[in-house]
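**Student:** the sequence and its predicted three-dimensional model are supplied below.
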Amino acid sequence: MSKFAPSTNWSSYAVSLLRIAAGFLLSLHGLSHIFGFFNTSSHPAKPAALFTLVWFAGILELVGGPLLALGLFTRPVAFILSGLLAFAYFLAHAHRGFWPNLNGGELAALYSFVFLYLAFVEPDAFSLDRLIRKANRNRSPVAGA
């Protein structure tokens, strides 16, 4: 290790911040899709019709966002959400052109890659997954079981 390297490993804290922010922001999309919250004149939001693709996406966002923000079941939830956002990109944006900044799909693409990253990293500093893993590791096996 370099003598100029910081003594604290900040990467786990940075991943926590990324996970919490992405989960919170995604949950806002779920609230918009399911309940029509955050309606403005420039961005009218109506609740999605039941059992449509947008409704199912909203349910995944509404459930998955808070789970990610808490760091609970992070890897499987992030993997599912990464697929959801990749699907959303190709279904809703890719037909408008190749470049995400021109077809309106940069947010879906970015979310997809952020969630793919979160699906493969270890539980971070402020996740319930890490707390559960630590508790299970410290728990002694029951005698005779």
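**Tutor:** Structure received.

**Student:** only C-alpha atoms for contact and neighbour calcs from this point on.
**Tutor:** Noted.

**Student:** longest helix of the protein?
**Tutor:** helix 11-35 (DSSP state H).

**Student:** next secondary structure after it?
**Tutor:** Proceeding N to C from helix 11-35, the next assigned helix or strand is helix 53-70, under DSSP states H and E.

**Student:** so for that following helix, mean pLDDT?
**Tutor:** For helix 53-70, the mean per-residue pLDDT is 96.

**Student:** now the residue most central in space within the chain. Nearest residue, chain neighbours left out?
**Tutor:** By Cα atoms, centre = their mean, the chain has its centre lying nearest to Gly23, at 4.5 Å. Closest residue in space to Gly23, ignoring its immediate chain neighbours: Gly65 at 4.0 Å, by Cα to Cα, 6 or more residues apart in numbering.

**Student:** for the least confident helix or strand in the chain by mean pLDDT, the distance to its chain's centre please.
**Tutor:** Across the helices and strands of the chain, mean pLDDT, DSSP states H and E gives its lowest value to helix 128-138, namely a mean of 89. Its chain's C-alpha centre and that of helix 128-138 lie 21 Å apart, by Cα atoms, centre = their mean, to the nearest Å.

**Student:** next, the buried residues of it.
**Tutor:** Using 16 or more other Cα atoms under 10 Å as the burial criterion, the residues of helix 128-138 that qualify are Leu128, Asp129, Arg130, Leu131.
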